[in-house]
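Trainee: Build the 3D model from these lines:
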Amino acid sequence: MTQEGKRDYVKYSFFKVAPEWRRLPAEERDLGKAEFASIAEEFADRMALASYSLVGTRGDADLMLWQVSPALEAITELQVQLNHSHLGRYLSMPYSYLAMTRKSPYVAQHQHPGQEGAQSSMQVLGRKYLFIYPFVKTHDWYQLPQEARQRMMNQHFSIGHKYPDVKISTAYSFGLDDQEFVLGFETDDPGSFLDLVMALRESEARPYTLRDTPIFTCRHKPLRECLEDLG
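Mentor: Alright, predicted model coming up:
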């Protein structure tokens, strides 16, 4: 147990369906989709799971599962069972991001319920759109005095508060995966997120961003509807 108590594991799993699957008979595809959804539903008491369709927004991913669980075993066991499913045989995972929640060291004085998801647990709000990207800062950022980093983060918060309909969820990947953070932004209006990102480009902290791509535009839907989008 960490000093800040309970934490959650966070996993963003992106799937791409093989073209061969769409050529299968409709009945076989329907059975595979039903099996896939049934497996995911069996884990409802072990994790929070939200599903998103990327059909029409990305060419290299069709489906994303956002999983939040207090136990990493639940996340890995779900994937094992999905791999053994009929549909799973036709799925690849072009992107996969593993992280954990923790309280941000910068938000003590900037807590806005419903907008910032930087706590030691994470709640999926289920807004219509979710924008996801891995994030890495430069080495120079971590060599700055804490006061300088706090000042620049305060500017970030001030910009973000101008877009109250965009809720950010920050998960931490240090030592767990290739990126340092995984950022998720939930909103019902993609235009607000576009304007927020443009505004942040002019912030003082921007030169300390090393990588913040790829970026995924995900549409929130029940899992069975996301599976129907596959074909």
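Trainee: Now residue 95: which helix or strand?
Mentor: For residue 95, the enclosing helix or strand under DSSP states H and E is strand 91-100.
Trainee: now do residue 125
Mentor: Taking DSSP H and E as the definition, residue 125 sits outside all helices and strands.
Trainee: ok, for it, nearest residue in space, not its chain neighbours?
Mentor: Counting by CB to CB, 6 or more residues apart in numbering, residue 186 is the residue found nearest to residue 125 once chain neighbours are left out, at 5.2 Å. Where C-beta positions appear, they are placed from N, C-alpha and C, glycine not excepted.
Trainee: give me phi/psi at the one you found?
Mentor: Dihedral pair for residue 186: phi -100, psi 130, per degrees, to the nearest 10.
Trainee: if I pick the residue in the chain sticking out farthest from the centre, what's in contact with it?
Mentor: Seen from the C-alpha centroid of the chain, the residue lying at the greatest distance (CA atoms, centre = their mean) is residue 25, 32.8 Å away. Listed by CB atoms under 8 Å, 6 or more residues apart in numbering, the contact set of residue 25 is empty.
Trainee: can you give me the helices for this structure?
Mentor: Per DSSP state H, the chain has helices spanning 19-22, 26-41, 72-83, 139-143, 146-160, 190-200, 223-229. These are given in chain order.
Trainee: Those helices: which one's closest to residue 51?
Mentor: Among these, the nearest to residue 51 by CB to CB is helix 223-229 (4.0 Å).
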